[in-house]
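Participant: coords please:
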Amino acid sequence: MKLIILDRDGVINHDRNDYVKSADECVPVEGSIEAIARLHQAGYTVVVATNQSGLARGKFDLDDLEAIHHKLTRLVEEQGGEISAIFYCPHAPEDNCKCRKPKTGLLDAIEAEFNTSVEGVRFIGDTLRDIQAGESKACLPILVKSGKGSATLADLQQTTDPELAALLTRLPVFENLAAVADDLLSQQD
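Facilitator: Now for the predicted structure:
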């Protein structure tokens, strides 16, 4: 199985400081929907792993979240692709759960659901939490500059933490998900 894991907000759809609270507020990043469809058509199993603390904070409810995910799934299907599964953490940071990235609970759940290891699997995100979760499970993290990615990159470039500085030296960075898909698919030709 060629598995690929995507963060949601900032990678697939535009992030919002006040949370993506409804399907109407879920606006795809340019080229992301088509990128998912192209990856699926090339044989990738596309899975989403996303922190959704807005649930715990009462910013939106489960029906709203399901409507957002239905919209994204439908848009990808309209382009001839498929999102195989969406895993989300509903907890707030202070809940200290096992599933909120940078912890690995969502990745553990993906391994259990698909009866596979995520070691060596590409994990595309826009925050340090995404990258750290991927690193913890021996994924191949990729940073996109969309969403919070440019700020994440700037922080990594200015860090005095030797561990984070070393992370930056091995971290592929792309403009957005479409650019990642272009790169991955060009390697298959």
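Participant: Could you use CA atoms for every contact and neighbour count after this?
Facilitator: Noted.
Participant: biggest helix in the chain by residues?
Facilitator: Across the chain, the longest stretch assigned as helix under DSSP state H is helix 62-78.
Participant: Could you list the low-confidence segments of this protein?
Facilitator: By pLDDT under 70, the low-scoring segments of the chain are 189.
Participant: what element comes up after the helix or strand hosting residue 156 heading to the C-terminus?
Facilitator: Using DSSP states H and E, residue 156 sits within helix 149-158. Proceeding N to C from helix 149-158, the next assigned helix or strand is helix 162-169, under DSSP H and E.
Participant: And that next one, what does it pack against?
Facilitator: When contacts are defined as 3 or more CA pairs under 8 Å, 6 or more residues apart in numbering; DSSP states H and E, helix 162-169 sits against helix 149-158.
Participant: In CSV, could you pull the C-alpha coordinates for the helix it packs on?
Facilitator: Output in CSV follows, covering the C-alpha atoms of helix 149-158 (Å, rounded to 0.1, in the frame of the first residue of the first chain):
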residue,chain,number,x,y,z
GLY,A,149,3.9,26.6,7.0
SER,A,150,5.8,29.8,6.1
ALA,A,151,5.7,30.9,9.8
THR,A,152,6.8,27.3,10.8
LEU,A,153,9.7,27.5,8.4
ALA,A,154,10.8,30.9,9.7
ASP,A,155,10.7,29.7,13.2
LEU,A,156,12.8,26.6,12.3
GLN,A,157,15.3,28.8,10.5
GLN,A,158,15.7,31.0,13.6
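Participant: From here on, call the first residue 23.
Facilitator: Got it, first residue is 23 now, which makes that one helix 171-180.
Participant: Buried residues, it. List them.
Facilitator: 171-172, 174-175, 178 (16 or more other CA atoms under 10 Å).
Participant: Out of those, which is nearest to residue 52?
Facilitator: Closest approach between the buried residues of helix 171-180 and residue 52, by CA to CA: residue 171, at 14.9 Å.
Participant: wait, residue 56 sits on residue 104?
Facilitator: No: Residue 56 lies out of contact with residue 104 (CA atoms under 8 Å); the separation is 10.6 Å.
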